[in-house]
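*Asks:* Got a sequence here, can you model it:
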Amino acid sequence: MKKWKCIYPSYINSKKTVVEGRRIRRDKCVENPTCQEIKDVLDNAGFRTVIEKKFYSREYTKEQGRVRVELLDEQEQVINPEFPHKLSVLHYLGTTIPKLKGRTSGAQGGQSAGTSQAQGGSKGGAKPKGKGKKR
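*Replies:* The predicted structure follows:
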C-alpha cells in the first residue's frame, strides 16, 4: 500500500475552508461527501480502493474515515492515464459525486423536509430573551 494515496472527504467538501482541509476550488467541490460515495465513484472508474477508519487531523467531528486509492502500480507506472496524480482524481470526484443516483433524489427530499421544519418553527412566535450577562 506504499503507492496508495489517501483521500479524505474534507478534501472535496464545499462546506470546508482551505484551513479546514479543502484541497480544490469550492465551485468544484461537493457538499458533505461520504467515504462510501468516494469509493463507489473510484471503483466505477477502475481504481482499487479501500475504506479505512482513520480520521483526518483537521476534522472536529471524527466521524468519517478515509479512502485509499492505488494510483501507481509496483513499477511506479500510472494505472489510469486519465488520472496521473491525486489532484486530477479530486477534480473527477468533485464533478462525478453530484451525479450519483442517491445524491440527485436525496437532495430534493432533504430540501423539502428542511423547509417544512423552518416553517413549523416560525409558527410558535417569538422566543422571550434570556437574562444574559448582567451589567
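
*Asks:* isn't Phe47 right next to Glu82, touching?
*Replies:* No: between Phe47 and Glu82 no contact is recorded; they are 10.7 Å apart, counting by Cβ atoms under 8 Å. C-beta: built from backbone N, CA, C; applies to glycine.

*Asks:* In terms of neighbours, single out the busier of the two.
*Replies:* For Phe47 versus Glu82, the count of surrounding residues by other Cβ atoms under 10 Å is larger for Phe47: 20 against 10.

*Asks:* And the helices in the protein, which stretches?
*Replies:* Assigned by DSSP state H, the helices in the chain fall at 35-44, 86-96, 101-122.

*Asks:* And for the one residue sitting closest to the centre of the chain, nearest residue in space, chain neighbours not counted?
*Replies:* When the chain is reduced to its mean C-alpha position, the nearest residue by Cα atoms, centre = their mean turns out to be Pro33, at 2.6 Å. Beyond its immediate neighbours in the sequence, the residue positioned closest to Pro33 (Cβ to Cβ, 6 or more residues apart in numbering) is Pro9, lying 4.7 Å away.

*Asks:* Fine by me, thanks again.
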